[in-house]
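Asker: Here's a sequence, model it:
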Amino acid sequence: MSGHSKFANIKHKKEKNDAAKGKIFTIIGREIAVAVKEGGPDPSNNFKLAQVIAKAKANNMPNETIERGIKKAAGEGGNVNYKYVTYEGYGPNGIAVIVDALTDNPNRTAANVRNAFTKGQGNVGTPGCVSFMFDKKGLIIIDKEECGMDADDLMMMALDAGAEDFSEEEDSYEIYTDPDQWSVVDAALKEAGVEAVSSEVTMIPQNWVELTDETAIKNMQRTLDLLDEDDDVQAVYHNWDE
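Answerer: Presented below is the predicted three-dimensional model:
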């Protein structure tokens, strides 16, 4: 992959990660609860739980917090029923938006998501209306300044671990993986002492769309802000070239 990256503004990524850390832990806690309920509390026999634990560690969630979440989900405190739901729709000027949520009240979540789109002058569409414009990939972003490894050595290590692609950007390295290989590559990098600014399975747009009208930009940002404030929302993907 080449060209200017839309993912790797390191300063922005760090600030965003710091601000969102509290919500990320809440999100992962719900994912742990669902994974344990579906496949049990042993990650060696529950691939989904193993993936959620890898995500938790990639976001620096303390081990004791992870273990507490597993125990709670496996015990009497694990009887809250969460459900995964995905919404697709359009922001201003046809910006494609995907919203992943994990909720114990789908009616509440649907109303909140619809409200976020409406207030940003967009609309919720039908399932599948925009997801074909994205590719699901593991994405690991590494700060060049904090990486002591040579770019070629880092690339070869990542590819040997199972990565699909490697990109060198202005201030970062980006490693792309198949979603099922993300945790393997992430673990290999950590074992080699390479710390990531961001490491996640995400939806990557095939094309980016620019907004030049100030009103459209404000409306798009309003939709994203409202979705970000909703505790049920796990992740938001879009193809707006901010």
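Asker: Work out for me the element the nearest residue to residue 161 once chain neighbours are set aside sits within.
Answerer: Nearest non-adjacent residue to residue 161, counting by C-beta to C-beta, 6 or more residues apart in numbering: residue 188, 3.7 Å away. Backbone N, C-alpha and C define where each C-beta goes, glycine included. Using DSSP states H and E, residue 188 sits within helix 182-191.
Asker: Likewise for residue 56?
Answerer: Assigning secondary structure by DSSP H and E places residue 56 in helix 47-58.
Asker: elements contacting that helix?
Answerer: On a contact count with 3 or more C-beta pairs under 8 Å, 6 or more residues apart in numbering; DSSP states H and E, helix 47-58 meets helix 10-39, helix 63-74, helix 182-191, strand 198-205.
Asker: burial count for the residue nearest to residue 161?
Answerer: 16 (other C-beta atoms under 10 Å).
Asker: Tell me which helix or strand comes right after the longest strand anywhere in the chain.
Answerer: With secondary structure taken from DSSP state E, the chain has its longest strand at strand 134-143. Counting by DSSP H and E, the next helix or strand C-terminal to strand 134-143 is helix 151-161.
Asker: Just the mean pLDDT for the helix or strand following that next one, thanks.
Answerer: Going down the chain from helix 151-161, the next helix or strand is strand 165-168, by DSSP H and E. Strand 165-168 carries an average pLDDT of 93.
Asker: partner residues bridging residue 88?
Answerer: residue 98 (DSSP bridges).
Asker: got a list of what it touches?
Answerer: Listed by C-beta atoms under 8 Å, 6 or more residues apart in numbering, the contact partners of residue 88 are 96, 97, 98, 99, 124, 125, 126, 127, 128, 129, 130, 131.
Asker: picking up where we left off before, just the buried positions in the helix holding residue 188, please.
Answerer: Across helix 182-191, burial judged by 16 or more other C-beta atoms under 10 Å covers 182, 183, 184, 185, 186, 188, 189.
Asker: my read: the last one touches residue 157, true?
Answerer: In this case it means residue 189. Yes - using C-beta atoms under 8 Å, residue 189 is in contact with residue 157, at 7.4 Å.
Asker: what residues do those two have in common as contacts?
Answerer: By C-beta under 8 Å, 6+ apart, no residue touches both residue 189 and residue 157.
Asker: So residue 68 versus residue 98, what's the distance?
Answerer: 31 Å (C-beta to C-beta, to the nearest Å).
Asker: Those two: which is more packed in?
Answerer: residue 98 (20 against 14).
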